[in-house]
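Student: Next comes the sequence, and after it the predicted model I'd like to discuss.
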Amino acid sequence: MDDGELNFSGEIWCWRGPSPFHFVTVPEPQRSEIADISREVTYGWGMVPVEVRVGGTKFQTSLWPKDGGYVVPIKDIVRRTEEVDEGDVIDIRMTIRRKR
């Protein structure tokens, strides 16, 4: 992560709670790279602020800690714009937003 950017692919999955949400799980080794700097950037509860690009759509969000790793929330507007949904494998370009 020399340039601060992480690139990976992952399958969109849905958490079906009271307020369903879609995610992509961050794979290894990116998960380890994020863990190495997470204490410097987290704003609480292990959340890590990031800027994400999926296709032509760029958005800001935060990684959520889950099962010793992280998941990227994929907003509904991003899924609609990029015409992707649960079960699709997408490419993610992500930059961790450092505190200023």
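Tutor: Now that the structure is in, tell me what you want to look at. What you are looking at is a predicted structure, and each value in this text was computed from that prediction instead of being measured. Numbering: from 1, shown residues only.
Student: and the longest helix for the chain?
Tutor: In the chain, taking DSSP state H as the definition, the longest helix is helix 30-41.
Student: Touching that one from outside, list them.
Tutor: By Cβ atoms under 8 Å, 6 or more residues apart in numbering, the surrounding residues in contact with helix 30-41 are 1, 6, 8, 26, 46, 48-49, 63, 69-70, 96-99. (Each C-beta comes from the backbone N, C-alpha and C, glycine too.)
Student: at 10 Å instead, please
Tutor: For helix 30-41, contacts defined as Cβ atoms under 10 Å, 6 or more residues apart in numbering pick out 1, 4, 6-8, 10, 25-26, 46-50, 62-63, 65, 68-70, 92, 94, 96-99.
Student: Report the buried members of those.
Tutor: Buried subset of the contacts of helix 30-41 (neighbour count, 16 or more other Cβ atoms under 10 Å): 6, 8, 10, 25-26, 47-50, 62-63, 65, 69-70, 92, 94, 96-97.
Student: What strand or helix carries Arg79?
Tutor: Assigned by DSSP states H and E, Arg79 belongs to helix 76-82.
Student: Give the partner strands of the following helix or strand past that helix in its sheet and their orientations.
Tutor: Helices and strands here follow DSSP H and E; after helix 76-82, the next one along the chain is strand 89-96. When sheet partners are counted by DSSP bridges, strand 89-96 sits next to strand 5-15 (antiparallel), strand 48-54 (antiparallel).
Student: So which residue is smack in the middle of this protein?
Tutor: The residue lying closest to the centre of the chain (Cα atoms, centre = their mean) is Val72, at 2.4 Å.
Student: By mean pLDDT, flag the weakest helix or strand of the chain.
Tutor: Least confident helix or strand of the chain, by mean pLDDT, DSSP states H and E, is helix 30-41 with a mean of 86.
Student: May I have that one as PDB, with CA atoms only?
Tutor: Extracted C-alpha coordinates of helix 30-41, given in PDB (Å, rounded to 0.1, in the frame of the first residue of the first chain):
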ATOM      1  CA  GLN A  30      -5.300  -6.200   2.000                       C
ATOM      2  CA  ARG A  31      -6.900  -7.000   5.300                       C
ATOM      3  CA  SER A  32      -3.500  -7.200   7.000                       C
ATOM      4  CA  GLU A  33      -2.400  -4.000   5.300                       C
ATOM      5  CA  ILE A  34      -5.400  -2.200   6.700                       C
ATOM      6  CA  ALA A  35      -5.000  -3.700  10.200                       C
ATOM      7  CA  ASP A  36      -1.400  -2.300  10.200                       C
ATOM      8  CA  ILE A  37      -2.600   1.300  10.000                       C
ATOM      9  CA  SER A  38      -6.200   1.000  11.400                       C
ATOM     10  CA  ARG A  39      -5.200   2.400  14.800                       C
ATOM     11  CA  GLU A  40      -3.900   5.600  13.200                       C
ATOM     12  CA  VAL A  41      -7.100   6.300  11.200                       C
END
